[in-house]
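Enquirer: Everything below, folded, please.
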Amino acid sequence: MVEQRFSPEMTVDEAFKLHAGARRVFARFHLGGCSNCAISESHTIGAISEDYGIPLPMLLDSLNALFDQGALAVGDKVRIPDEIRTKIPQLANVPEIGEVRSADAGAYIVEFGEVRLQGLAEDFIPVQASATPAA
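Expert: Residues are numbered from 1 along each chain as shown. I've put the predicted structure just below:
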């Protein structure tokens, strides 16, 4: 199996399709969030590096680090990190443990009872099988 990686020739659109976390990486470099730092989906990663003065190795390392994050699989049990749960009042009554229902390009949909949340692997904490209550 060929390992997927970001490259200088890849467009922003291709990067977004390769891994959902690419949007967050670009945002961390203040790219794409306002009219002064707008990026086109046809812009290449290499051109972004040149145009915005971001060292290409730093940008590629940050993007490729997305593949080093732990991955989740459909059926995995997870919980919402306490720092997220406490910041969002609507999560107060959401069940503690949820189940990954789908995974696509680094994005996950997790069901917590009646509530569905979407996020990256870094947005959830895997729960060990022994930590879940027996059915």
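Enquirer: any idea where the strands of the protein begin and end?
Expert: 77-79, 97-104, 107-112, 115-119, 125-126 (DSSP state E).
Enquirer: May I see those strands organised as JSON lines, with mean pLDDT and mean neighbour count added?
Expert: In short, each C-beta sits where N, CA and C put it, glycine included. Shown next, in JSON lines, are the strands of the chain (pLDDT from 0 to 100; neighbours: other C-beta atoms under 10 Å):
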{"stretch": "strand 77-79", "mean pLDDT": "96", "mean neighbour count": "19"}
{"stretch": "strand 97-104", "mean pLDDT": "95", "mean neighbour count": "16"}
{"stretch": "strand 107-112", "mean pLDDT": "95", "mean neighbour count": "19"}
{"stretch": "strand 115-119", "mean pLDDT": "93", "mean neighbour count": "15"}
{"stretch": "strand 125-126", "mean pLDDT": "93", "mean neighbour count": "15"}
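Enquirer: Make CSV from these and add distance to residue 87 to it.
Expert: Listed next are the strands of the chain as CSV, based on distance: least, C-beta to C-beta, whole Å:
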stretch, distance to residue 87
strand 77-79, 15
strand 97-104, 17
strand 107-112, 16
strand 115-119, 14
strand 125-126, 15
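Enquirer: of all those strands, which lies closest to residue 39?
Expert: Taking C-beta to C-beta, strand 107-112 is the member of these nearest to residue 39, at 19.8 Å.
Enquirer: Tell me what angle the closest one forms with strand 115-119.
Expert: If you take axes from the mean of the first three to the mean of the last three C-alpha atoms, to 10 degrees, strand 107-112 sits at 160 degrees to strand 115-119.
Enquirer: in its sheet, what does strand 107-112 sit against?
Expert: strand 97-104 (antiparallel), strand 115-119 (antiparallel) (DSSP bridges).
Enquirer: Same list (those strands) but as JSON lines, adding distance to residue 27.
Expert: Listed next are these as JSON lines, based on distance: least, C-beta to C-beta, whole Å:
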{"stretch": "strand 97-104", "distance to residue 27": "20"}
{"stretch": "strand 115-119", "distance to residue 27": "15"}
